[in-house]
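Engineer: following is a predicted model, sequence given first.
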Amino acid sequence: MARKFGKNDEKLNYSAAIRELKQLGPERAYLLWGPEDYLREQYLRELKRICLPEGEDSFSYHRMDGPELDMEELRRAMDALPFMTERSFIELRDIDINRLKDSDTLEKLLGDVPDYCVIAFVLGANYEPDGRLKSVKVLRQKTKELKFTKQSQGQLTDWLVRRFAAAGKGIELDAAQRLIFISGELMSGLIPEIEKVAAYAKGERVTVSDVEAVANHIPEAVIFDMTEYIAQKKYNSALSVLSELLADKNNEPIAMLAMLGMQMRRLYAARLALDQGLGTKFLMDDCAIKSDYVAKKLMSAARGFTLPQLIRAVELCAETDYKMKSSSLNERELLKEAVLRIAAGEANGEN
């Protein structure tokens, strides 16, 4: 079977996957999934272009939408001969492969796909196949699996430069890094932000100020900024950020606390690295951080805390998580209290 690009936690080499598709032609069956839905749709578009060069038609293109899969309908689509084209293409959208009832029939069907037919299981960005299930094992054995992962910082930066160039703008490196940081690493989320920033920027080159003015800030980035303010002793700014987070009813306190806890653990690791004379590489390896930009910001912020303060901050996040999940206390007030106590610099039970 062909090598699987991007399976499990490996970074997808998208260029290599596209190159293989163009050079070797399509496989008979695919499992396409993962958080980077922009790349998934780009790959699917190229796959369909190769299979259906004249475009979709009712004879050679068949689409079935989930969550259930009708095995008999799939069989009929597989048996349908293509018309005026070399291949037929079957697109199976959002099938819940974790709940397929007849894995044996599926295994037989995928084991006997006609040479003129290409089948693609296309799963949503938030879908996670359960590798313990027989249905998923069957699909992984009988298809070419591509997990569309977030791209590296370098790949995203190069892509951003090309997107801005297409919009008639250049972009400074620190502005590109800041946009990725505050708006997230998913291309599908970055595309509308690129359009907004490019339309807003007055000069030929996009600056950090342009990005800050109009780009959307994901909650993880906002919480990161809040802890930076605390490290810099800018408590009013930190509390202002917290108030904005709490005012947005779409922000669940438990989810925000989880982000805060992760941030304090990473700051703790950064403080350890500083105290022991270790660099950003240690921090990136220890915390699985892919961005040198993020690692440097963590190292800088960690200088504003002592190690005992960060140990206590991690403990406070754990204690607050327990209270949220085991009591009827107001979750937003609990989160606010945790942030205030972290800002107060508690260490070993002392302020």
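Structural biologist: It's in.
Engineer: what sits against the closest residue to Glu107 other than its chain neighbours?
Structural biologist: Sequence neighbours aside, Val138 is the residue nearest to Glu107 in space, at 4.6 Å (criterion: C-beta to C-beta, 6 or more residues apart in numbering). In short, each C-beta sits where N, CA and C put it, glycine included. Val138 sits next to 103, 106-107, 110 when contact means C-beta atoms under 8 Å, 6 or more residues apart in numbering.
Engineer: from Ser103, how far out is Val138?
Structural biologist: 5 Å (C-beta to C-beta, to the nearest Å).
Engineer: go on, Leu47?
Structural biologist: 25 Å.
Engineer: over to Leu274?
Structural biologist: Taken as C-beta to C-beta, the span from Leu274 to Ser103 is 52 Å.
Engineer: Leu47 and Ser103: which is more packed in?
Structural biologist: Leu47 (21 against 16; other C-beta atoms under 10 Å).
Engineer: quick check, the more buried one in a helix?
Structural biologist: Yes - the assignment for Leu47 by DSSP: H, G, I helix; E, B strand; the rest coil puts it in a helix.
Engineer: my read is that it contacts Tyr30, right?
Structural biologist: Yes - with contacts counted by C-beta atoms under 8 Å, Leu47 reaches Tyr30, the gap being 7.2 Å.
Engineer: need the overlap of contacts for the two.
Structural biologist: Shared contacts of Leu47 and Tyr30, defined by C-beta under 8 Å, 6+ apart, comprise 118, 120.
Engineer: for Val118, give me its contacts.
Structural biologist: By C-beta under 8 Å, 6+ apart, the contact set of Val118 is 26-30, 47, 51, 87-90.
Engineer: stretch 52-59: which residues count as buried?
Structural biologist: Within stretch 52-59, the residues that count as buried by 16 or more other C-beta atoms under 10 Å are Leu52.
Engineer: just the C-alpha atoms of it, please, in CSV.
Structural biologist: The C-alpha trace of stretch 52-59 is given here as CSV (Å, rounded to 0.1, in the frame of the first residue of the first chain):
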residue,chain,number,x,y,z
LEU,A,52,-13.1,14.3,-13.7
PRO,A,53,-11.3,16.6,-16.1
GLU,A,54,-14.5,17.8,-17.7
GLY,A,55,-16.1,18.5,-14.3
GLU,A,56,-18.8,16.9,-12.2
ASP,A,57,-21.8,15.3,-14.0
SER,A,58,-24.6,13.0,-13.0
PHE,A,59,-23.0,10.0,-14.7
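Engineer: tell me the mean pLDDT over it?
Structural biologist: For stretch 52-59, the mean per-residue pLDDT is 87.
Engineer: ditto for stretch 273-282
Structural biologist: Per-residue scores along stretch 273-282 average to 91.
Engineer: so which residues make contact with it?
Structural biologist: 272, 283, 286, 292, 295-296, 299, 302-303, 307.
Engineer: from those residues, keep the buried residues only.
Structural biologist: Burial by neighbour count, judged by 16+ other C-beta under 10 Å, picks out 272, 283, 295-296, 299, 302 from those.
Engineer: those residues into a markdown table, with extra columns for secondary structure and distance to Gly261?
Structural biologist: Converted to a markdown table, these look like this (DSSP: H, G, I helix; E, B strand; the rest coil; distance: C-beta to C-beta, whole Å):
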| residue | secondary structure | distance to Gly261 |
| --- | --- | --- |
| Leu272 | helix | 17 |
| Leu283 | helix | 17 |
| Ala295 | helix | 19 |
| Lys296 | helix | 22 |
| Met299 | helix | 19 |
| Ala302 | helix | 16 |
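Engineer: among those residues, which pair sits farthest apart?
Structural biologist: The span of these, defined through C-beta to C-beta, is set by Leu272 and Lys296 at 16.1 Å.
Engineer: quick one: low-confidence parts of the chain?
Structural biologist: When residues are selected by pLDDT under 70, those of the chain lie in 1-10, 347-351.
Engineer: dump the buried ones among the contacts of stretch 273-282 to a markdown table, plus distance to Leu239.
Structural biologist: Shown next, in a markdown table, are these (distance: C-beta to C-beta, whole Å):
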| residue | distance to Leu239 |
| --- | --- |
| Leu272 | 28 |
| Leu283 | 28 |
| Ala295 | 27 |
| Lys296 | 26 |
| Met299 | 25 |
| Ala302 | 21 |
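Engineer: nearest to Asp174, of those?
Structural biologist: Lys296 (11.3 Å).
Engineer: not counting sequence-adjacent ones, nearest residue to that closest one?
Structural biologist: Take Lys296 and drop its neighbours on the chain: the residue closest to it by C-beta to C-beta, 6+ apart is Thr280, 6.0 Å away.
Engineer: same thing with Leu52?
Structural biologist: Nearest non-adjacent residue to Leu52, counting by C-beta to C-beta, 6+ apart: Phe89, 5.5 Å away.
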